[in-house]
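Chemist: need a structure here:
(2 chains)
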There are 2 protein chains.
Amino acid sequence: MEFSLIDRIRKLTAQGRDDVRLGIGDDAALLAVPTGQELAAAIDTMVEGVHFPSGTAAADIGWKALAVNLSDLAAMGATPAWALLALSLPNADAVFIDGLATGFAQLAQHYRLALVGGDTTRGALTISVAVHGFVPPGKALTRAGARVGDTVLVTGTLGDAAGGLELIQRKHGRDDEQTAYLVERLNRPMPRVAAGLALRERASACIDVSDGLLADLGHICTSSRVGAEIETALLPRSPALLDLFGDAASCEFALAGGDDYELCFTVPPQQVAAVQADLARLGCSATCIGRIVEGKGIQILDREGRPLAPGRQGWDHFSA
Amino acid sequence: MEFSLIDRIRKLTAQGRDDVRLGIGDDAALLAVPTGQELAAAIDTMVEGVHFPSGTAAADIGWKALAVNLSDLAAMGATPAWALLALSLPNADAVFIDGLATGFAQLAQHYRLALVGGDTTRGALTISVAVHGFVPPGKALTRAGARVGDTVLVTGTLGDAAGGLELIQRKHGRDDEQTAYLVERLNRPMPRVAAGLALRERASACIDVSDGLLADLGHICTSSRVGAEIETALLPRSPALLDLFGDAASCEFALAGGDDYELCFTVPPQQVAAVQADLARLGCSATCIGRIVEGKGIQILDREGRPLAPGRQGWDHFSA
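Modeler: You can find the predicted model right below:
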């Protein structure tokens, strides 16, 4: 199947990277990792009806397919450089392809990321992106460094994407600013790349919130062999989410909703003020939501500090 | 969707690569490209019903998904190192997943290739692999270097995979050695990695035959701004293909059938003997099939040296 997606994105994205020795158009790209840097690499797939609702705009799909991957680089504290794209599409719809290319390229341009290869085939709508970035040796953020006593923080607000999805699925027909905000948060997540870079010198562990706070903080706990306590009263939620869903539902979204692509990270308590100041300079809020404790698993504390059993332990995408 | 494919492959493949600083299990892998080497990177997708018939054994799918990507590295003269894998699967069938992991790992082990990341989702059966390899700066084989007067060669034999596919689609029920040979060539292509490395010092241009000789040699011609003449009488075909399909059909398969994953390359005439000797030492035949000429496009010459109009100009997979 021949369609021009890869070529269209190529024309819309960074051409001037001198670390791309040979770009799209041969059997493989030839790339130069800067001397003294390690390569961070990840791959993520989005499937229609699993990772985004049918009917999502093509430009949003293109944007998000790259965003979820850049979020993985952000969580490692890596600087984005290159991507490979594999797309399956039921038919070669020029308008759809153009939209997809535009959305992908908009986000790519933001980071001067170059698309260096791709493959397009006929099939159910599926988009896989492999991203590559750079990080100085030994400086990458991982899930494994959280220590007992560390403070747990998250960037931005949680639960917005789950709220946006709920609104789309209700087909409620509202057309106000708050709805638009939450749907935008679902469809156009902005990966926390600059925040990830700023955290490299201070965070003891980091992960992006893709599957939901409980699931993703759970990965930090497992990798670091510790437990965590989270206070629901501290969970940062947007005014839009609180207004449209109230405290209880927004809290559930913040704990178990996925697709936020904020960073959840841990720092020693004496570093909290400094890290918040670092991120504030980037226009990024960072909220303390709990602490790392001995043991394993996550304990959720309600407004009175009483342990709470969560209703859902994660997020298997909306079709679950 | 959670299933253990990535973990199973991880356990079955290279663990001891010291260029993998952090493997599967975090947001991204951390990798070290050897000093003085460039990174070659490519991605390819296989979709059920497009790139392999429904009913193909899971182990064959796993093998082939990696093989078609390693073939891209072979065509660049790159040494395989790492892969990322994205799989969509309708349901978590343990036997199928085990087969897929086994087939992928068998080929990966052959090259000490490490799987460093992956993503598994629910969806139509689709498998995307991104591969990474190393090549010294300036030494990569590309499609762009063919010069007028160069000899065109191919490794191995052509048309076997198309013959194997034809036999499967006929559901003819034959169960002889020749049929088994051709079906094996379709399902278990062996990428010409060692040949690609050996060609680095001698070939002026190189491509792997994935879409069919005419289509792929056409890419060399376009990139190199030259034309080519091919003599049908010279096309290397296996005894099995000739026996089962005869001269005319096997010739068509050799010209336009895809999925062979042999290398098509060009060398100055005075290098032909040396390059054939180099490849013979690797157990790989290399057959002269024509020459690079001025102009553009490919001219096919019949047994009497008369120009022939090809029936098909390429290969858009068997569903075309």
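
Chemist: who are the neighbours in contact with the most centrally placed residue in chain A?
Modeler: The residue lying closest to the centre of chain A (C-alpha atoms, centre = their mean) is A:Tyr261, at 2.9 Å. Shown in contact with A:Tyr261 (C-beta atoms under 8 Å, 6 or more residues apart in numbering or on different chains): A:67-68, A:71, A:161, A:189-192, A:208-210. Backbone N, C-alpha and C define where each C-beta goes, glycine included.

Chemist: let's have the residues you listed in a markdown table, adding distance to chain B and secondary structure.
Modeler: Converted to a markdown table, the contacts of A:Tyr261 look like this (distance: C-beta to the nearest C-beta, whole Å; DSSP: H, G, I helix; E, B strand; the rest coil):
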| residue | distance to chain B | secondary structure |
| --- | --- | --- |
| A:Ala67 | 14 | helix |
| A:Val68 | 10 | helix |
| A:Ser71 | 8 | helix |
| A:Ala161 | 17 | helix |
| A:Pro189 | 15 | coil |
| A:Met190 | 17 | coil |
| A:Pro191 | 11 | coil |
| A:Arg192 | 12 | coil |
| A:Asp208 | 6 | strand |
| A:Val209 | 11 | coil |
| A:Ser210 | 9 | coil |
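
Chemist: interface residues of the stretch 101-250 of chain A facing chain B?
Modeler: Proximity of the stretch 101-250 of chain A to chain B, by C-beta under 8 Å from any C-beta of the partner chain, involves residues A:116-119, A:121-124, A:126, A:128, A:130-133, A:135, A:137, A:140, A:142-144, A:207-208, A:223.

Chemist: buried only: go through those for me.
Modeler: A:116-119, A:121-124, A:126, A:128, A:130-133, A:135, A:140, A:142-144, A:207-208, A:223 (16 or more other C-beta atoms under 10 Å in any protein chain shown).

Chemist: in the stretch 1-150 of chain A, which spans are strands?
Modeler: A:20-22, A:29-31, A:38-47, A:79-89, A:114-122, A:126-135 (DSSP state E, counting those that start in this stretch).

Chemist: partner strands of the second one, with direction?
Modeler: Spelled out, that is strand A:29-31. strand A:20-22 (antiparallel), strand B:38-47 (antiparallel) (DSSP bridges).

Chemist: right, and the ones you listed - which one's nearest A:Lys171?
Modeler: A:Lys171 sits nearest to strand B:38-47 of all the strands paired with strand A:29-31, at 31.3 Å, using C-beta to C-beta.

Chemist: the inter-axis angle of that closest one versus strand B:126-135?
Modeler: Here strand B:38-47 runs at an angle of 160 degrees relative to strand B:126-135 (axes from the mean of the first three to the mean of the last three C-alpha atoms, to 10 degrees).

Chemist: restricting to C-alpha, output strand B:38-47 in CSV.
Modeler: C-alpha atoms of strand B:38-47 as CSV (Å, rounded to 0.1, in the frame of the first residue of the first chain):
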residue,chain,number,x,y,z
GLU,B,38,26.7,5.4,13.4
LEU,B,39,23.3,4.1,14.3
ALA,B,40,21.2,2.5,11.5
ALA,B,41,17.5,2.4,12.4
ALA,B,42,14.5,1.1,10.5
ILE,B,43,10.9,0.1,11.2
ASP,B,44,8.6,-2.4,9.4
THR,B,45,5.1,-3.6,10.1
MET,B,46,3.4,-6.9,9.3
VAL,B,47,-0.3,-7.2,9.2
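
Chemist: the lowest-mean-pLDDT helix or strand in chain A - contacts with which helices or strands?
Modeler: Lowest on mean pLDDT, DSSP states H and E among the helices and strands of chain A sits helix A:5-12, with a mean of 82. Packed against helix A:5-12, as judged by 3 or more C-beta pairs under 8 Å, 6 or more residues apart in numbering or on different chains; DSSP states H and E, are the following elements: strand A:79-89, helix A:94-110, strand A:114-122.

Chemist: distance from the longest one to the middle of the chain?
Modeler: On the basis of C-alpha atoms, centre = their mean, to the nearest Å, helix A:94-110 sits 18 Å off its chain's mean C-alpha point.

Chemist: pull out the buried residues from it.
Modeler: Neighbour-count burial for helix A:94-110 [16+ other C-beta under 10 Å]: A:96-108.

Chemist: and of those residues, the nearest to chain B?
Modeler: A:Phe104 (14.4 Å; C-beta to the nearest C-beta).

Chemist: if I pick the spatially closest residue to that closest one that is not a sequence neighbour, what's in contact with it?
Modeler: Excluding its sequence neighbours, the residue lying closest to A:Phe104 (C-beta to C-beta, 6 or more residues apart in numbering or on different chains) is A:Gly62, at 3.6 Å. The contact partners of A:Gly62, taken as C-beta under 8 Å, 6+ apart, are A:99-105, A:127.

Chemist: cool, A:Leu235 as well?
Modeler: A:158-159, A:213, A:251, A:254-255, A:287, A:289.

Chemist: correct me, but A:Gln276 touches A:Ala286?
Modeler: Yes. Using C-beta atoms under 8 Å, A:Gln276 is in contact with A:Ala286, at 5.0 Å.

Chemist: overlap in contacts, those two.
Modeler: Listed contacts common to A:Gln276 and A:Ala286 are A:Leu153; contacts here mean C-beta under 8 Å, 6+ apart.

Chemist: so the two - more neighbours on which side?
Modeler: A:Ala286 (26 against 17; other C-beta atoms under 10 Å in any protein chain shown).

Chemist: and what about A:Ile207, helix, strand or coil?
Modeler: Secondary structure, DSSP: H, G, I helix; E, B strand; the rest coil: A:Ile207 is strand.

Chemist: in the sheet, who's paired with it?
Modeler: The partner residues for A:Ile207, given DSSP bridges, come to A:Cys264.

Chemist: report the contact partners of it.
Modeler: By C-beta under 8 Å, 6+ apart, the neighbours of A:Ile207 are A:75, A:143, A:216-217, A:219-220, A:263-265, B:27.

Chemist: roughly how far apart are it and A:Ala194?
Modeler: 17 Å (C-beta to C-beta, to the nearest Å).

Chemist: A:Val272: neighbour count?
Modeler: A:Val272, neighbours per other C-beta under 10 Å, totals 16.

Chemist: excluding its backbone neighbours, what's nearest A:Thr142?
Modeler: B:Asp26 (5.2 Å).

Chemist: isn't the one you found up against A:Met76?
Modeler: Yes. Here B:Asp26 lies in contact with A:Met76, judged by C-beta under 8 Å, at a distance of 7.0 Å.

Chemist: between these two, tell me which one has more neighbours.
Modeler: A:Met76 (29 against 24).

Chemist: tell me the contacts of that one?
Modeler: A:40, A:133, A:135, A:140-142, A:196, A:206, B:26-28, B:30.

Chemist: nearest to A:Val20 among those?
Modeler: A:Gly133 (13.9 Å).

Chemist: ok, that closest one - contacts?
Modeler: For A:Gly133, the contacting residues are A:39-41, A:73, A:76, A:78-81, B:28, by C-beta under 8 Å, 6+ apart.
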